[in-house]
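>>> got a sequence here, can you build the structure:
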Amino acid sequence: MADLKAFAEQLVNLTVKEVNELATILKDEYGIEPAAAAPVMVAGGGAAAADAPEEKTSFDVILKSAGASKLAVVKLVKDLTGLGLKEAKELVDGAPKALKEGVAKDEADSLKKQLEEAGAEVEVK
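Below you'll find the predicted structure:
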């Protein structure tokens, strides 16, 4: 049997994109519906609502790179996220990485604008 601790470590370190891909694989290939996706399907109102494209209400702000002024970006990430200086630096050094997940569109756009003004390359998904 596989080393379960190593497997758990891999699961914990998955990115948001990888988790979404895993959920799709589990659903499509094995018929397993992840628990987090179940309320979304119930709230959709049935098959007719599932055919209509849903408007996205939560967005992820992804820091793609720090750009030329890394120090300014680290300070801004520290202020925006409430992380300590060391954690903010690690997040910036680990780019591309999700800075904030599940935020409203206006907050995501505001974060993107501030980070781009500091010189960072940012993507909103």
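>>> which helix or strand contains residue 78?
helix 70-81 (DSSP states H and E).
>>> and the next helix or strand after that helix, what's its mean pLDDT?
Using DSSP H and E, the helix or strand that follows helix 70-81 in sequence is helix 85-93. Across helix 85-93, pLDDT averages out at 88.
>>> could I get the buried residue list for helix 85-93?
88-89, 91-92 (16 or more other C-beta atoms under 10 Å). C-beta here means a position set from N, CA and C on the backbone, and glycine is covered the same way.
>>> sec struct for the residue lying closest to residue 59 once chain neighbours are set aside, please.
Nearest residue to residue 59, sequence neighbours excluded (C-beta to C-beta, 6 or more residues apart in numbering): residue 108, at 4.0 Å. Classification of residue 108 using DSSP: H, G, I helix; E, B strand; the rest coil returns helix.
>>> I figured residue 108 was touching residue 61, is that so?
Yes - taking C-beta atoms under 8 Å as the definition, residue 108 is a contact partner of residue 61 at 5.2 Å.
>>> between the two, what contacts are shared?
100, 124 (C-beta atoms under 8 Å, 6 or more residues apart in numbering).
>>> quick revisit: between the buried residues of helix 85-93, which is nearest residue 11?
residue 91 (20.3 Å; C-beta to C-beta).
>>> hmm, residue 85 and the closest one touching each other?
No - counting by C-beta under 8 Å, residue 91 stays clear of residue 85, with 10.8 Å between them.
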